[in-house]
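Peer 1: Kindly return the folded structure for what I paste below:
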Amino acid sequence: MARGDGRLTHDLLPGESPPQDACGVFGVWAPGEEVAKLTYFGLYALQHRGQESAGIAASDGHRLLVYKDMGLVSQVFDEASLGSLKGHLAIGHCRYSTTGGSTWENAQPTLGGTDDATVALAHNGNLTNSSELRDLLLERHGDAFARELGGELWRGNTTDTALVTALLADDPDRSLEATALDVLPRLKGAFCFVFMDEQTLYAARDRHGIRPLVLGRLERGWVVASESAALATIGASVIREVQPGELIAIDQDGLRSHRFAEADPKGCVFEYVYLARPDATIAGRSVHEARVEMGRRLAMEHSVEADLVIPVPESGTPAAIGYAEASGIPYGQGFVKNAYVGRTFIQPSQTLRQLGIRLKLNALETVIRGKRLVVVDDSIVRGNTQRAQIRMLREAGAAEIHVRISSPPVQWPCFYGIDFATRAELIATGLKVEEIRASIGADSLGYIGEDAMIEATGQPRARLCTACFTGDYPIELPDSSLLGKQFLEVLPGLESQAPGGLDIEGVGTGVSGGAADALSRP
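Peer 2: Below is the predicted model:
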């Protein structure tokens, strides 16, 4: 199927994808270092958080440049592009779209500015009051504010990130730091920002700290990233997390911290279940150890007589290890994963599409034939993937298949930065556990209890967001008409310029944006 940039995806089960996080963000201030390459490798470590587009902005103190495109980090950048991004500070972004379509115009970092300064912004999360921010720009500039402000909005960017960028660049009489302290308290929802002007690196996290953001130290500078694993990749040491409601500024005068909102922590529990890398640490808790403990609790709650515990790689592996440990059932590898299938953009034939999941996973028949299996996975969204996996295992000779899930049933969509299915598409919305078991074809099905999952994270319930399991949203949601991935694309004032307009430097583009001109753009 076609991507937003016109290239082909590797989706083998149309409409069935795991929960996708919004993005990964990275920022570095390090005079004397190759900051673009540090950012590249930081984004490489965060690639699991977003695979649709990638970008880096860098500044040498006088000029700020942005390079971004559709694709994986390794596809977007090469030595030449990284070599053009010179300077002592940089930010980077890898995207999975949760507001605005998957198009080149919506890739990040976003860019804005005044006659005297430039701002580049990268965002992980999802704002819930984008319509209010749009109204604020309407109030200040009138119905044609996108045309008047120019920049990202006028070029067709339809993301909440572009609105924030416009607000940060909307007061030329104040410093970016002062403007940010005015804008950030106006934002509602989940956000982790890294942004910059020509001289200073900034990082900010919403008052609920729903998405992770960590601060690290290099020998000659500072780093911020979505996950601690990105710091380890570039040899930076972890200092602490950016606190909920905190703005950090880093420049030649050192590090400054401002409190723009009172903290009320509600960290996303699904970061522990699936989203974050297993080698990440969130709120002092190892993600790997949390997942292993979820497996242990799952074994205690849903024991079964079986011969072998196998994971659905890779996200189910730690929980399967914990399940095997607690149950005493041997752990083994029942699936072989094709590590490179996510990097092909060749459309499979109809015959291969019917095989679906087999291009990503294959069953080890010699291991599973005649065995009673416990198959451990992190979650069930629509159920199509599990149904295909179970069919494959039965064809390979499994005697029994007992599915165990290391999270409770997902029954509610996320509005804070995870692209779940709609509620109507979630299999657990309309079916009970026994009905789901019958639908996917398993011999038994067990989900971990909510309390056990929370205890495994090591965090108090009051400091976690569990909305996708409970429907209890910690941040008030607007009317449903103001939610959804595409709603900004139809709001007045956000009409993009016509084909053949001007780019951000006033140069004629000659072509429109999006997939239609994918082959004519560099």
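Peer 1: and Gly216, what does it touch?
Peer 2: Applying C-beta atoms under 8 Å, 6 or more residues apart in numbering to Gly216 gives the contacts 222-225, 228, 231, 236-239. Where C-beta positions appear, they are placed from N, C-alpha and C, glycine not excepted.
Peer 1: Make a markdown table out of those residues and add distance to Leu65.
Peer 2: Below are those laid out as a markdown table (distance: C-beta to C-beta, whole Å):
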| residue | distance to Leu65 |
| --- | --- |
| Trp222 | 21 |
| Val223 | 20 |
| Val224 | 20 |
| Ala225 | 21 |
| Ser228 | 28 |
| Leu231 | 24 |
| Ala236 | 23 |
| Ser237 | 29 |
| Val238 | 29 |
| Ile239 | 28 |
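Peer 1: Which members of these are the farthest-apart pair?
Peer 2: Trp222 and Ser228 (14.4 Å; C-beta to C-beta).
Peer 1: Sort out which of the contacts of Gly216 are buried, if you could.
Peer 2: 222-225, 228, 231, 236 (16 or more other C-beta atoms under 10 Å).
Peer 1: How much space separates the residue in the chain sticking out farthest from the centre from Glu400?
Peer 2: Of all residues in the chain, Gly370 has its C-alpha farthest from the mean position, at 39.5 Å, by C-alpha atoms, centre = their mean. Counting by C-beta to C-beta, to the nearest Å, the separation of Gly370 from Glu400 is 10 Å.
Peer 1: quick revisit: can you tell me which of the contacts of Gly216 is nearest Leu445?
Peer 2: Ser228 (33.9 Å).
Peer 1: check contacts around that closest one.
Peer 2: 214, 216, 238, 279-281.
Peer 1: Out of these, which sit inside helices?
Peer 2: Using DSSP state H, no member of these sits in helices.
Peer 1: from the residues you listed, which ones fall inside strands?
Peer 2: The members of the contacts of Ser228 that map onto strands under DSSP state E are 214, 216, 238, 281.
Peer 1: hang on, Phe193 is in a helix, isn't it?
Peer 2: No. Per DSSP: H, G, I helix; E, B strand; the rest coil, Phe193 lies outside any helix segment and is strand.
Peer 1: tally of neighbours for it?
Peer 2: 28 (other C-beta atoms under 10 Å).
Peer 1: hang on, it packs against Tyr202?
Peer 2: Yes. Taking C-beta atoms under 8 Å as the definition, Phe193 is a contact partner of Tyr202 at 7.2 Å.
Peer 1: okay, now the domains of this protein?
Peer 2: 20-127+156-266, 276-470 (automatic domain parsing).
Peer 1: Including distance to Glu476 and mean pLDDT, could these go into a markdown table?
Peer 2: Listed next are these as a markdown table, based on distance: least, C-beta to C-beta, whole Å; pLDDT from 0 to 100:
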| stretch | distance to Glu476 | mean pLDDT |
| --- | --- | --- |
| domain 20-127+156-266 | 8 | 94 |
| domain 276-470 | 10 | 91 |
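Peer 1: want to try a markdown table for those, with distance to Asp135 as columns?
Peer 2: Converted to a markdown table, these look like this (distance: least, C-beta to C-beta, whole Å):
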| stretch | distance to Asp135 |
| --- | --- |
| domain 20-127+156-266 | 10 |
| domain 276-470 | 19 |
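Peer 1: the helices in the stretch 201-350 of the chain, which residues?
Peer 2: 228-233, 269-270, 287-301, 317-327, 350-355 (DSSP state H, counting those that start in this stretch).
Peer 1: could you say what helices and strands the longest one packs with?
Peer 2: Of the remaining helices and strands, those touching helix 287-301 by 3 or more C-beta pairs under 8 Å, 6 or more residues apart in numbering; DSSP states H and E are helix 317-327, strand 400-405, helix 450-457.
Peer 1: Among the ones you listed, which comes closest to Glu262?
Peer 2: Nearest of the helices and strands packed on helix 287-301 (C-beta to C-beta): helix 450-457, 23.2 Å.
Peer 1: Of the helices of the stretch 201-350 of the chain, which stretch is the most buried?
Peer 2: Ranked by mean neighbour count, the helices of the stretch 201-350 of the chain are led by helix 269-270 with a mean of 27 (mean count of other C-beta atoms under 10 Å).
Peer 1: Quick one, which of the helices and strands packed on helix 287-301 gets closest to His208.
Peer 2: helix 450-457 (15.8 Å).
Peer 1: Following the chain onward from that closest one, which element is next?
Peer 2: strand 464-465 (DSSP states H and E).
Peer 1: tally of neighbours for Gly430?
Peer 2: Neighbours of Gly430 using other C-beta under 10 Å come to 12.
Peer 1: Return the distance of it relative to Glu177.
Peer 2: 49 Å.
Peer 1: Could you do Glu476 as well?
Peer 2: 29 Å.
Peer 1: Comparing these two, which residue is more hemmed in?
Peer 2: The residue with more neighbours, out of Glu476 and Glu177, is Glu177; 15 against 9, by other C-beta under 10 Å.
Peer 1: wait, what's in contact with the more buried one?
Peer 2: So Glu177 contacts 200, 202, 247, 249, 256, 258 (C-beta under 8 Å, 6+ apart).
Peer 1: Apply 6 Å and report the result again.
Peer 2: Ala249 (C-beta atoms under 6 Å, 6 or more residues apart in numbering).
Peer 1: and it, which of the three is it?
Peer 2: From three-state DSSP, the assignment for Glu177 is helix.
Peer 1: so how far is Ala117 from it?
Peer 2: Taking C-beta to C-beta, one finds Glu177 at 11 Å from Ala117.
Peer 1: Cys465 is in contact with Tyr473, isn't it?
Peer 2: No. In this structure Cys465 lies outside contact range of Tyr473 using C-beta atoms under 6 Å: 7.9 Å.
Peer 1: Which of those two has more residues huddled nearby?
Peer 2: Neighbours per residue (other C-beta under 10 Å) separate Cys465 from Tyr473, with Cys465 holding more: 24 against 18.
Peer 1: Quick check: closest non-adjacent residue to that one.
Peer 2: Lys266 (4.4 Å; C-beta to C-beta, 6 or more residues apart in numbering).
Peer 1: wait, that neighbour sits on Pro474?
Peer 2: Yes. Using C-beta under 6 Å, Lys266 is in contact with Pro474, at 4.2 Å.
Peer 1: got any residues that touch both of those two?
Peer 2: Joint contacts of Lys266 and Pro474 (C-beta under 6 Å, 6+ apart) are Cys465.
Peer 1: So between these two, which is more surrounded?
Peer 2: Shown here are Lys266 and Pro474; by other C-beta under 10 Å, Lys266 has more neighbours (23 against 16).
Peer 1: Just send the helices and strands packed on helix 287-301 back as a markdown table, with distance to Val28 too.
Peer 2: As requested, the helices and strands packed on helix 287-301 are exported to a markdown table (distance: least, C-beta to C-beta, whole Å):
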| stretch | distance to Val28 |
| --- | --- |
| helix 317-327 | 30 |
| strand 400-405 | 38 |
| helix 450-457 | 29 |
